[in-house]
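[1] how would this look folded up:
(chains A and B)
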Amino acid sequence: MESTATQPLDAADTRHLLARVGFGATEEEAAALHGLTRAQAVQAILDGARREAVTPGPDWLGDAAHVYPTLGKLDADDRKALVKLTNERVLALKAWWYGEMLATPSPVTERMTLFWHNHFTSSLRKTRSPILHFRQNALLRREGLGNFATLLNAVARDPVMLDYLDNRLNRKQKPNENFARELLELFTLGEGHYTEADIKEAARAFTGWTTDRDRVHFVDNPRIHDAGGKTFLGQTGRFDGGDILRIILQQPRTAEYVAGKMWREFVSPMPDAAEVKRLAAVFRDGRYEIKPLMSALLTSEAFWAQANRGELIKSPVELLVGTVRFFKNTPVDDVTLARYGKRLGEDIFDPPNVKGWPGYTAWISTDTLLAREQFLQRLLRGDRLGAVPANMVRPGKPAPPSLPMATDESMAGPKGVAAEAELRTLLLAKPPANPPSADASARVRLAALFLDPVYQLK
Amino acid sequence: MIRLSRRDSLKILGAAALVPVMYGAPGPLRAYAQAARRLPASRIGKRVFVLVELKGGNDGLNTVIPYADPNLPQMRPSLVLPGEEMLTLGDGLAFNPALKPLMAAWDKGDLGILCGVGYPQPNRSHFRSIEIWETASKSEETLSEGWVASTLHGDVGRTADGIVIGDYEFGPLTGSAMRNVIIGKPDQFIAQAKKIQAVKDSSGGGALGYILRTRAELLDASTKLAPLFAEPPALPVAFPSTAFGNELKTAAQLIVADAGVPVLKVSLGSFDTHVNQRGQHDNLLRQLAEGLAAFREAMLVTGHWNDVLMLTYSEFGRRANENASKGTDHGTAAPHLLLGGRIKGGFHGAQPNLEDLEAGDLKFSTDYRAVYATVARDWWGLAGDIGRLGAHKSLGLLA
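    The predicted model follows:
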């Protein structure tokens, strides 16, 4: 381990690290890590991780009258108006997160928030409250590199989760197993590590964990709680929801499941079972602190192994945000990015189902591949993508994003060749699959870096 | 999107021990598992299955109307129509008058009505229920692979295994077993695909290999389709100039030009008629009927009707009682239409009873998965393993 992590970071290592735990390397981000060892760079990124967004939230967050819009008692016109208002805010919330991902000096924070959003899934399609989803998003960000036990306990009491997986409706008289089932299958243990009886008993324990009538606050209601004895994962007692979470966190399997999932997000599509066990032990010994686990993951042999470089596929968000972050002042607005994300198969705040986005090769179909290339072509041509804030609009056609060094003069001679090679190292994890011909213009050669299939990899 | 559930990949491999359950099988391995299961598809030949999605949840009771039922006027005061306007079909049922263009197909026995199609423990969320319909899952089970992709086997000799026209999701075609393309407008599709540069070597493994193979599929399909759309075959009838009409026209062109794509999907919507349903729904049904009638005519005249099977589907029907806004809310079972030159026309299955509701909703009489199993067994001629549809027998809908 020592030998890998103590090596000085070279340019290819910098690209690898920033692509895996951020949105790809911008020139500034790469420069900030210059001269560090791999382990120091990992440490610097984790130490600098924010726990809060840098951009202010949408201005309607304080609209107490519309926290959870209910249509029930409204007449047709009011209903229509409220649906419209909610739809606008849904899109504004998605755009806000894109804005945050573009602006943040701490991309790792947003990557972790995305990771937990895809783990503890909830959807605006079911819980149509942009305000509550904003709060959930803040929770995922706050604990994203914090403590998994804290996060799990908070998510289980989160009004969005209570609604999304129906625990709100789970009462002694009429148990609802939805949350209990997904808690075990998707959030903690994984399939095959519990029985149907465990689900039923856990569901009984979670009866009474509900919301107030407005669906805005967590309420632990003893009147609908089943206080009887339960047997869960071999332990017996008059358990409530908190007890179930405590017992789950005692299982070595929980740490393995989460570590395995983080491996697939940050290291490679095929986890190494022995390594996952080692990392899980780090996770448990550290009382489920997430940073030490991340640190161990990012300093592992496997993380830096050449064989694993470029073996993951950028998510739509990573592709969009990473490309726009690379070009500063790109003529594209946040709402357009949100729409593109949906088009490419990652409609943030609206995962496809409770399992989340499967990722990896599932990001790529004939259709999404075509749409990815179309986005890049439009961006590189300098097409205006969507409504651009007034202060960014110049008369006539907007200027193409400024590719560094992108003139034929600057690209000529040995200096130009070196500059192009440097950019290639910053952008591509592998040699280009479609290298441009040597006599192509500077602009074509540089655009080819973004349009190369290898650019889809991280 | 290409998705396959972990459960499926294990089932296909038949050797769960080979794959650590905690991680699931990664993409290339899944694709391999799929390929290993591909069988010669005996009966498919030139046959084309056309899926017609009615997006938003079509109100079945205002499509095939139980006009003779005495409960109807009180349950649906704003939607009930005078008896003389009804297009009576027999058995106390009638088409909504907006479906008049379909009467020729009905009279010729080219149109079957599947009554009361639904599933147990119905889910009333648009999103979740359409996912159930697309994947043929149980109500409480989440699957990722579409039912068509899990049943029909891809064939690399084809231009594509499936084409979705005018939508952005593969829906029932989702899965690594099928090579699908999406075509919004044909000329735009060809123009965009042309901008993709060919890559000489697509043989590698891993993530890059996957991307290069997908590009090669896209280029292959667009190269084969480009001449077809550059000079589309002449169609003998005019299609309605609606979006839905244009989608069906594209489908008809693909079939008449012998594109060799066995599954096509078109869609119409939104049928989510919560408020002032009457005019909106009539308009949608008219678009549906005019489009399907033009399509049938084109297929008949060009001699392709016997090679076509069309099926409508929707996430749910709507509640039996109308709501206070002269609309209808999310419900359960609904009738669906089957069209083609080889089908048995008339009614299939039992019309749900308006006096035997479950919490205000119709009880289904025909399991939607039995309809899919009928397509798999009788249209595609798949005699062996049809996966998650295996528990369902054919409904005998084809002549």
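
[2] buried stuff in stretch B:51-63?
    B:51-63 (16 or more other Cβ atoms under 10 Å in any protein chain shown). For glycine as for every other residue, the C-beta is placed from the backbone atoms N, C-alpha and C.

[3] also near chain A: which of those, exactly?
    Among the buried residues of stretch B:51-63, none lies close to chain A by the criterion of Cβ under 8 Å from any Cβ of the partner chain.

[4] let's have those residues in JSON lines, adding pLDDT and secondary structure.
    Shown next, in JSON lines, are the buried residues of stretch B:51-63 (pLDDT from 0 to 100; DSSP: H, G, I helix; E, B strand; the rest coil):
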{"residue": "B:Leu51", "pLDDT": "98", "secondary structure": "strand"}
{"residue": "B:Val52", "pLDDT": "98", "secondary structure": "strand"}
{"residue": "B:Glu53", "pLDDT": "98", "secondary structure": "strand"}
{"residue": "B:Leu54", "pLDDT": "98", "secondary structure": "strand"}
{"residue": "B:Lys55", "pLDDT": "96", "secondary structure": "strand"}
{"residue": "B:Gly56", "pLDDT": "95", "secondary structure": "coil"}
{"residue": "B:Gly57", "pLDDT": "97", "secondary structure": "coil"}
{"residue": "B:Asn58", "pLDDT": "98", "secondary structure": "coil"}
{"residue": "B:Asp59", "pLDDT": "98", "secondary structure": "coil"}
{"residue": "B:Gly60", "pLDDT": "98", "secondary structure": "helix"}
{"residue": "B:Leu61", "pLDDT": "98", "secondary structure": "helix"}
{"residue": "B:Asn62", "pLDDT": "98", "secondary structure": "helix"}
{"residue": "B:Thr63", "pLDDT": "98", "secondary structure": "coil"}
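
[5] turn the residues you listed into a markdown table, including distance to B:Glu358.
    Formatted as a markdown table, the buried residues of stretch B:51-63 follow (distance: Cβ to Cβ, whole Å):
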| residue | distance to B:Glu358 |
| --- | --- |
| B:Leu51 | 28 |
| B:Val52 | 27 |
| B:Glu53 | 25 |
| B:Leu54 | 22 |
| B:Lys55 | 25 |
| B:Gly56 | 22 |
| B:Gly57 | 17 |
| B:Asn58 | 19 |
| B:Asp59 | 18 |
| B:Gly60 | 15 |
| B:Leu61 | 15 |
| B:Asn62 | 20 |
| B:Thr63 | 20 |
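
[6] between those residues, which sits nearest B:Ala334?
    B:Gly60 (3.0 Å; Cβ to Cβ).

[7] wait, the closest one touches B:Gly317, no?
    Yes: using Cβ atoms under 8 Å, B:Gly60 is in contact with B:Gly317, at 3.9 Å.

[8] overlap of the contact sets of these two?
    B:Ala333, B:Ala334, B:Pro335, B:Leu362 (Cβ atoms under 8 Å, 6 or more residues apart in numbering or on different chains).

[9] among those, which one sits closest to A:Ala197?
    B:Ala333 (33.0 Å).

[10] so what does that closest one have for phi and psi?
    phi -70, psi 150 (degrees, to the nearest 10).

[11] same check, this time on A:Asn147
    Dihedral angles (degrees, to the nearest 10) for A:Asn147: phi -120, psi 130.

[12] tell me the confidence at it?
    A:Asn147 is assigned 98 on the pLDDT scale.

[13] give me the beta-bridge partners of it?
    Beta-bridge partners recorded for A:Asn147 (DSSP bridges): A:Glu289.

[14] so where do the helices sit in chain B?
    B:6-13, B:27-37, B:72-75, B:103-108, B:126-135, B:147-151, B:186-194, B:206-230, B:243-256, B:277-302, B:368-374 (DSSP state H).

[15] right, and those helices - which one's nearest chain A?
    helix B:27-37 (3.0 Å; Cβ to the nearest Cβ).

[16] run a quick neighbour tally on A:Leu419.
    Not Leu; residue A:419 is Ala. Other residues lying near A:Ala419 total 18 when counted by other Cβ atoms under 10 Å in any protein chain shown.

[17] next one: it from A:Leu151, what distance?
    Using Cβ to Cβ, to the nearest Å, we find A:Ala419 at a distance of 44 Å from A:Leu151.

[18] what do you get for A:Leu233?
    Taken as Cβ to Cβ, the span from A:Leu233 to A:Leu151 is 20 Å.

[19] do A:Val42 as well
    A:Val42 is 21 Å from A:Leu151, by Cβ to Cβ.

[20] more neighbours: which of these two?
    For the pair A:Val42 and A:Leu151, the greater number of neighbours falls to A:Val42 (24 against 20), based on other Cβ under 10 Å.

[21] which residue packs closest to that one, ignoring adjacent ones?
    Leaving aside its sequence neighbours, A:Val42 sits nearest to A:Leu298 (Cβ to Cβ, 6 or more residues apart in numbering or on different chains; 4.4 Å).

[22] what's the answer for B:Ile182, then?
    A:Asp367 is the one closest to B:Ile182 (Cβ to Cβ, 6+ apart), at 4.0 Å.

[23] what number of residues lie near A:Glu110?
    Neighbours around A:Glu110, by other Cβ under 10 Å: 27.

[24] secondary structure class for whichever residue of chain A sits closest to chain B?
    Chain B sits closest to A:Thr361 of chain A, with a gap of 3.0 Å, by Cβ to the nearest Cβ. Of the three states, A:Thr361 takes helix under DSSP: H, G, I helix; E, B strand; the rest coil.

[25] what is the mean pLDDT for stretch A:303-311?
    pLDDT averaged over stretch A:303-311 gives 97.

[26] that stretch and chain B, any residue contact?
    Yes: using Cβ under 8 Å from any Cβ, a contact is recorded between stretch A:303-311 and chain B, made by A:Gly310, A:Glu311.

[27] low-confidence regions, the stretch 1-150 of chain B specifically.
    B:1-42 (pLDDT under 70).

[28] which residues touch the residue in the stretch 51-200 of chain B that chain A sits nearest to?
    At 4.0 Å from chain A, B:Ile182 is the closest residue in the stretch 51-200 of chain B, using Cβ to the nearest Cβ. Contacts for B:Ile182 (Cβ under 8 Å, 6+ apart) come out as A:Thr366, A:Asp367, B:Ile163, B:Val164, B:Ile165, B:Asp167, B:Tyr168, B:Phe170, B:Phe189.

[29] can you check the pLDDT for it?
    Confidence for B:Ile182, expressed as pLDDT, is 92.

[30] so what's it bridging to?
    Bridge pairing for B:Ile182 - DSSP bridges - gives B:Val164.

[31] where along the stretch 201-350 of chain A do the helices fall?
    A:241-250, A:252-266, A:273-285, A:290-298, A:301-304, A:316-326, A:334-343 (DSSP state H, counting those that start in this stretch).

[32] give me the contacts around stretch A:187-201.
    So stretch A:187-201 is contacted by A:119-120, A:152, A:155, A:175, A:177, A:180-181, A:184-185, A:230-233, A:239, A:248, A:251, A:253-254, A:257-258, B:6, B:21-22 (Cβ under 8 Å, 6+ apart).

[33] now the buried members of these.
    A:119-120, A:152, A:155, A:175, A:177, A:180-181, A:184-185, A:230, A:232-233, A:239, A:248, A:251, A:253-254, A:257-258, B:6, B:22.

[34] mind listing which of these are in strands?
    Judged by DSSP state E, strands contain the following of the buried ones among the contacts of stretch A:187-201: A:Lys230, A:Phe232.

[35] which residues does stretch B:345-360 contact?
    Residues contacting stretch B:345-360 (Cβ under 8 Å, 6+ apart): B:64, B:66, B:69, B:71-72, B:75, B:89-93, B:105-106, B:108-117, B:319-321, B:332-333, B:335, B:338, B:362-366, B:395, B:397.

[36] quick one, what contacts residue 255?
    The chain I'm using is chain A. Counting by Cβ under 8 Å, 6+ apart, A:Ala255 has contacts A:Ala280, A:Ala281, A:Phe283, A:Arg284, A:Tyr288.

[37] wait, chain B
    Per Cβ under 8 Å, 6+ apart, neighbours of B:Ile255: B:Val48, B:Leu264, B:Met299, B:His304, B:Asp307, B:Val308.
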